[in-house]
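Participant: The following comprises the amino acid sequence and a computationally predicted model.
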Amino acid sequence: MHLLWIILVLLIGGMFIICAASASFSSSKIPRWKRIATFAGSGLLVIGGCGFFGSALSAVGGLNWLPDSFEWPVGYAQGVVTTSDNYNIVPHTPSGRIQVYDPHWNFVTGWHVGAGGEVFKLDVAEDDNIHVITGRTDLHYVFEKDGTLISKDTCEPAAYDLFPDNGKSIVVATAPWLWPFSNPIISWAVGAIGAGLLFLGSKQDIKIGIVFHLIIQVVFVFAGFIFGGILAAIVMEFIRPLPSILSIPLGIVALLSLAYGGVRGGEYVARLISVRCPQCRSSSFAEGHRPIRYRCKTCGHVELTRCRASWGKD
């Protein structure tokens, strides 16, 4: 079964990444800004695809050949437990891995857990052995701190819900360019931005309907919000060593400003996409917020919608 899942992920992921990479070579005689948008969109789609399908491949056991010295980008982690000598045991569910960090958060070792691509919980016993309960496969693993497997047993289906949930949430120091590999949601957000740039850089002037464009705006705004939140998390990681009197207000300002900036940035990119004018079938572009309306650049027709946004000037 594991081999079947590995082959499936490789086939789907490989086809997606190859198609995304080849998109950058499909346009030649187009304006420079469209060529740049095409290359950037293709690159972001490849990064998002590698992050999503790479995590899936690791979760189903396709990357078990990675050495213990390999550190998977973790980013934001939940369920982190600590040993008696203050070593941090970090679960990374998307990749199906456990990673160990010393008291100063330097990476020590990591290994794969056979959780069937599903969630799992950690706890540390008094002897500092690491106990793992999987959610779907109903397995109970016991590891030493260096990753050596002590035992593997089946357990009752209710054991996962009854297992102690003593872990804490923390942001593990991760390079900004590696965050798309830390969480599938981030991978999807990066891929969505790339898809939008590819759409903008398409050779033909494709006209879409107003309803479809409103949906695109929602998707882009959500992707921008996620991207702004990621940037805020990175900023807060850098300012965390500062005194609380500085780090807390700076963190709040960073979160609010970057999340809002991401929302407006996503909206701006979406509004670069033209819409088919209901009157002359030419190009209309979105404007305003209360309500959102579409103005044709050719005939001047303004099409009002029933959608309203609470940010920005009207």
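Facilitator: Arrived safely, thanks for sending.

Participant: Could you list the buried residues of stretch 257-264?
Facilitator: 258, 259, 261, 262, 263 (16 or more other C-beta atoms under 10 Å). In short, each C-beta sits where N, CA and C put it, glycine included.

Participant: Kindly report the same for stretch 280-300.
Facilitator: Here stretch 280-300 shows 282, 283, 284, 285, 286, 288, 289, 292, 293, 294, 295, 296 as buried, counting by 16+ other C-beta under 10 Å.

Participant: can I get the buried residues of stretch 257-264 in TSV with distance to residue 234 and secondary structure?
Facilitator: Putting the buried residues of stretch 257-264 into TSV (distance: C-beta to C-beta, whole Å; DSSP: H, G, I helix; E, B strand; the rest coil) gives the following:
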residue	distance to residue 234	secondary structure
258	9	helix
259	13	helix
261	14	helix
262	13	helix
263	18	helix
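
Participant: which one of the residues you listed is nearest residue 191?
Facilitator: Of all the buried residues of stretch 257-264, residue 191 sits closest to residue 262, with 15.8 Å by C-beta to C-beta.

Participant: hang on, the earlier thing: can you pick out the ones from the buried residues of stretch 280-300 that are in strands?
Facilitator: 283, 284, 285, 286, 293, 294, 295, 296 (DSSP state E).

Participant: Next, the contact list for the residue lying closest to residue 304 once chain neighbours are set aside, please.
Facilitator: Of all residues not flanking residue 304 in the chain, residue 293 sits nearest, at 5.0 Å (C-beta to C-beta, 6 or more residues apart in numbering). By C-beta atoms under 8 Å, 6 or more residues apart in numbering, the contact list for residue 293 reads 286, 287, 302, 303, 304, 305.

Participant: list the contacts for the first one?
Facilitator: Remark: with contacts taken as C-beta under 8 Å, 6+ apart, residue 286 is in contact with 213, 217, 270, 271, 275, 292, 293, 294.

Participant: residue boundaries of the strands in the protein?
Facilitator: According to DSSP E, the strands that the chain contains are 76-82, 88-92, 97-101, 107-112, 120-124, 130-134, 139-143, 149-154, 168-171, 275-276, 283-287, 293-296, 302-304.

Participant: For the ones you listed, give me a markdown table that also has distance to residue 242 and mean pLDDT.
Facilitator: Converted to a markdown table, the strands of the chain look like this (distance: least, C-beta to C-beta, whole Å; pLDDT from 0 to 100):
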| stretch | distance to residue 242 | mean pLDDT |
| --- | --- | --- |
| strand 76-82 | 20 | 91 |
| strand 88-92 | 21 | 94 |
| strand 97-101 | 21 | 95 |
| strand 107-112 | 24 | 94 |
| strand 120-124 | 30 | 89 |
| strand 130-134 | 33 | 90 |
| strand 139-143 | 36 | 91 |
| strand 149-154 | 41 | 90 |
| strand 168-171 | 15 | 88 |
| strand 275-276 | 46 | 84 |
| strand 283-287 | 41 | 87 |
| strand 293-296 | 45 | 89 |
| strand 302-304 | 48 | 87 |
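
Participant: Relative to residue 19, which of these is closest?
Facilitator: strand 275-276 (26.4 Å).

Participant: which ones are touching residue 13?
Facilitator: Residue 13 touches 49, 52, 53, 54, 56, 57, counting by C-beta under 8 Å, 6+ apart.

Participant: Excluding sequence neighbours, find me the nearest residue to the last one.
Facilitator: Among residues not flanking residue 57 along the chain, residue 9 sits closest, at 4.9 Å (C-beta to C-beta, 6+ apart).

Participant: just checking, that neighbour touches residue 56?
Facilitator: Yes. At 5.0 Å, residue 9 counts as touching residue 56 under the criterion of C-beta atoms under 8 Å.
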